[in-house]
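Engineer: show me how the following folds:
(one chain, ligands or ions: 1)
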Amino acid sequence: MGAAAVEDVLFPGIDVRVTAVHATEERVAVEASSCGQPPACPDCGWPGRRVHSRYVRRVAERPLVGRALVIRLRVRRFFCERASCRRRTFVEQVPDLSERYRRHSVGLRRWMRAVATFLGGRPGERLCRVLQLPTGRTHLLGLLTAPVVPERAPRVLGVDEFAFRKGWRYGTVLVDIEAARVVDVLPDRDAASFATWLREHPGAEIICRDRASAYSSAVREAVPEAQEVADRWHLLHNLSSAVEKTCHQHRSCLRKQAEADRDAEPRRIINPLPPPTLPPTKIAVRTVDRYSDIHRLLGQGHSVSEI
Ligand SMILES: [Zn+2]
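Structural biologist: Numbers count the residues shown, from 1 in each chain. Presented below is the predicted three-dimensional model:
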């Protein structure tokens, strides 16, 4: 294979020239020189023309057929020749390969960030060890960048608590309901923090929250003009606990009625309500199946506790 082909295989579209390749059983070291257009001064934008010096930096790349890949990248340092600029020299970066102060290549960082996003710290670290990606838990977590928080709250803002660690530490998650996107995360679930956030991010017209929580007082305090609604989950949760409580209170009446019903002729319901039409989601199908199973077993004479 000629030298030109090595660049095409290892660095397609990247301005480097490979000068040597050293391979051992564990790793491959590639010596390469940048050969792109001279860059501009990062401070003043003046194009670099005169080379001050050259030096070699080590950049870790994604592994090559199971072997760690290191690039000994020879880069140029340029003079900034603009008299008014305070910077005397600057080092070039190779686009899509090297970044200022970084020991890892652009592509390797992209991989590691993906691992951190999908797996988090410890599991990510274990996977990286197997994949020969040189990193640790803390470094992985440091690659996660928080999304930019918008200056204004979304029109319909959802707020709910979530557990950093269940039963231990809780935070608050804020969601743009219309876009179905998380907009921010607060480190606790206090009314005061949420009220501060609401004041710093105006614009919420409807606030969708859990039932009767601290969040409600924050809304009344910070954006009294916003309309508060209970979110669908909590609405159903409220309904089911109310039904459960009522049924529990009337247990003896229900039992009496059930006994009377068993002895009597089955009543005919005149003009029943039409059955609700539900989308056939997995959970709906399962509930309907379970309901018919229960009634089939009841019909066969099994008791409720048996079923
Ligand atoms: Zn300059």
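
Engineer: Lys166 and the ion, how far apart?
Structural biologist: Lys166 sits 54 Å away from the ion, going by C-beta to the ion, to the nearest Å. (Each C-beta comes from the backbone N, C-alpha and C, glycine too.)

Engineer: and that residue, how many neighbours?
Structural biologist: 8 (other C-beta atoms under 10 Å).

Engineer: now it: how far from Val65?
Structural biologist: For Lys166, the distance to Val65 equals 43 Å [C-beta to C-beta, to the nearest Å].

Engineer: and if you look at Val21?
Structural biologist: Val21 sits 13 Å away from Val65, taking C-beta to C-beta as the criterion.

Engineer: then Leu73?
Structural biologist: Applying C-beta to C-beta, the value for Leu73 to Val65 is 21 Å.

Engineer: the more surrounded of those two?
Structural biologist: A side-by-side neighbour count of Leu73 and Val65, using other C-beta under 10 Å, places Leu73 first with 22 against 7.

Engineer: what's the pLDDT at the more buried one?
Structural biologist: pLDDT, Leu73: 95.

Engineer: lowest-confidence helix or strand of this protein?
Structural biologist: Scoring the helices and strands of the chain by mean pLDDT, DSSP states H and E places helix 3-10 at the bottom, with a mean of 76.

Engineer: quick one, domains of this structure?
Structural biologist: 3-100, 104-145, 156-230 (automatic domain parsing).

Engineer: in a markdown table: these, plus distance to Leu297.
Structural biologist: Conversion of the domains of the chain to a markdown table gives the following (distance: least, C-beta to C-beta, whole Å):
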| stretch | distance to Leu297 |
| --- | --- |
| domain 3-100 | 57 |
| domain 104-145 | 43 |
| domain 156-230 | 35 |
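
Engineer: in the stretch 151-300 of the chain, what residue is nearest the ion?
Structural biologist: Using C-beta to the ion, the closest approach of the stretch 151-300 of the chain to the ion is made by Glu151 at 32.9 Å.
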